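Peer 1: give me the fold of what follows.
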Amino acid sequence: MYLRVVILIVLSYIRYSNQNIDNCERMESTDVIIVGAGLTGMTLARNLAQKGIKFIILEARDRVGGRIHSIKKEDGAVVEMGATWFFPHFNNLFKLLKQIKVDLEGQFMKGYTMYESDKKIPARKVYSSGDDDMFRVKGGTSQIIEKLYENIERDQVLLKQKVTEIRKSSEGMEVISNGQIFKSRRVVTT
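Peer 2: Residues are numbered from 1 along each chain as shown. This is a model prediction of the structure:
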């Protein structure tokens, strides 16, 4: 697999609410439902698409990317609102980036920086010698998600889908989101 991820295949009921199922609209069935359109969900979707396996992604937000979120400012500068740096030991991620043709550039950080790991603890001054071998994605980390999204049909990704229940049925799995029941053989939460 391109990215080592821990994937939870839901085999039993997971209840997030007491939603009345009788009022839900029943949807068409698919092979796999992926809950979450972050890096793991999008990578899994790419892998399934390459193998011809039917799937849909249910994403609670109004965008794909999860914790990866880059904002392009008016002056062209890219500001990272989430994941930013990559390190040499991320072997599977580097393989994926090479396959989807996403370029990296060195992240040089020599000198002092302010580091805050917890809002309860005051920020502290940290020195870096500049030999940390850190990398950033050229053009912003969202380039990864955009490249993965290029290989997925848009109608397979459903945004603003807050999953409220996942349960096993006699026919497989059911996922309840926004008053709809989505059916599949498997569910993967990311």
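Peer 1: from here on, contacts and neighbour counts on C-alpha atoms
Peer 2: Noted.
Peer 1: where do the strands sit along this protein?
Peer 2: Under the criterion DSSP state E, strands of the chain are mapped to 8-9, 14-15, 25-35, 55-58, 70-72, 78-80, 104-107, 110-115, 124-129, 134-137, 157-158, 163-169, 172-177, 180-189.
Peer 1: in CSV: the ones you listed, plus distance to Ala49.
Peer 2: Conversion of the strands of the chain to CSV gives the following (distance: least, C-alpha to C-alpha, whole Å):
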stretch, distance to Ala49
strand 8-9, 18
strand 14-15, 27
strand 25-35, 11
strand 55-58, 8
strand 70-72, 25
strand 78-80, 28
strand 104-107, 25
strand 110-115, 41
strand 124-129, 42
strand 134-137, 24
strand 157-158, 12
strand 163-169, 23
strand 172-177, 20
strand 180-189, 15
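Peer 1: for burial, what's the neighbour tally of Ile34?
Peer 2: 24 (other C-alpha atoms under 10 Å).
Peer 1: just to revisit the earlier point, mind putting the strands of the chain into CSV with distance to Phe94 and mean pLDDT?
Peer 2: What follows is those, written out as CSV (distance: least, C-alpha to C-alpha, whole Å; pLDDT from 0 to 100):
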stretch, distance to Phe94, mean pLDDT
strand 8-9, 23, 32
strand 14-15, 34, 34
strand 25-35, 23, 87
strand 55-58, 24, 98
strand 70-72, 19, 90
strand 78-80, 19, 87
strand 104-107, 9, 81
strand 110-115, 24, 77
strand 124-129, 24, 80
strand 134-137, 10, 84
strand 157-158, 25, 97
strand 163-169, 31, 96
strand 172-177, 33, 96
strand 180-189, 23, 96
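Peer 1: can you tell which of those strands is closest to Glu150?
Peer 2: Relative to Glu150, the nearest member of the strands of the chain by C-alpha to C-alpha is strand 157-158, separated by 11.8 Å.
Peer 1: partners of the closest one in the sheet?
Peer 2: Applying DSSP bridges, strand 157-158 is found paired with strand 55-58 (parallel).
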